[in-house]
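Chemist: Show me the folded form of this:
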Amino acid sequence: MSIELPGEVVWFLNLIGVQWPNVDEDQVRAFAGHVRDFATNLDSTHQAATSTIQQMSSAYTGNSYEQLVETWARMSNDHMKELVESCHVVATALDVAADAIVAAKVAAIAELVALVASFVADQAAAVLTFGAAEAAEALVIEAGKKLINALIQQLEQQIIGQVIEAAVGPLEQVVERALGGLVFKGLEGALGVSAGGGGSVGASFSIMPEALASHATALQGHADAVAGHAETFAANVAGVRFGD
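Modeler: Just a heads-up that it's a prediction; the model follows:
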């Protein structure tokens, strides 16, 4: 749960008319969780598709099948592996950012608590000295405002503006690739679906049409699942806001 401010800090901020920055580390962590779930779902579906490709060997043999397996392995390494690894990199970066937000807030709260104590002491001194210590109060108030402004700059510009945006930016391409079924479209090319077939089948070619059709249907289901994972991810993060 997000860090809650001590009561005396809330009182002090209200007194000096400064708002605590609304940058929510929990939302950042939630985003990281959605990214990890997306990566896990992608990887799981990809493994299921790989299993389907392997099962095809019972209904489909020949040079064309060997080329299919080779193409699938290459595209898996070039594309799907990249997608999953990119997601984990982004999720880790988001976790680091959330920890940085917490650290910045904790440090600021500690300084604010000290300022509150100083402010209260100055108020008491002002009563005893008939207002002679009021100048010190003004300095404490100014210090509080500067502290909050510095915190806002650190959170919004450095952590949100640089760390998180730099990490999330490449994620858009990851989602686009998943939605587009990049790996599975490449598989269609390897099967000759898009090109209408052709090419050497090899001397040992054999095929069981009904069984192969069943495997092809399963592969289409895997492709649809990948697109579904991307759509679910997009829906989950659509409402995520790191701050106002």
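Chemist: Could you list the low-pLDDT ranges of the protein?
Modeler: Residue ranges of the chain with pLDDT under 70: 1, 122-137, 161-163, 174-175, 177-205, 243-244.
Chemist: longest helix in it, by residue count?
Modeler: Longest helix in the chain by number of residues, with DSSP state H as the criterion: helix 81-128.
Chemist: which helices and strands sit right next to that helix?
Modeler: helix 7-16, helix 25-55, helix 134-152, helix 165-168, helix 171-179 (3 or more Cβ pairs under 8 Å, 6 or more residues apart in numbering; DSSP states H and E). The way it works is simple: take the backbone N, C-alpha and C, and place the C-beta from them, glycine included.
Chemist: what do you get if the cut-off is 10 Å, keeping everything else the same?
Modeler: Applying 3 or more Cβ pairs under 10 Å, 6 or more residues apart in numbering; DSSP states H and E, one finds that helix 81-128 contacts helix 7-16, helix 25-55, helix 134-152, helix 165-168, helix 171-179, helix 182-191, helix 209-238.
Chemist: quick one: buried residues of the first one?
Modeler: Right, helix 7-16. Neighbour counts over helix 7-16 (16 or more other Cβ atoms under 10 Å) mark Val9, Phe12, Leu13, Ile16 as buried.
Chemist: Spit out the contact partners of the residue lying closest to Arg29 once chain neighbours are set aside.
Modeler: Once flanking residues are discounted, Arg29 sits nearest to Ala98: 4.7 Å by Cβ to Cβ, 6 or more residues apart in numbering. Each residue near Ala98 by Cβ atoms under 10 Å, 6 or more residues apart in numbering is listed here: 24-32, 159, 163-164, 242.
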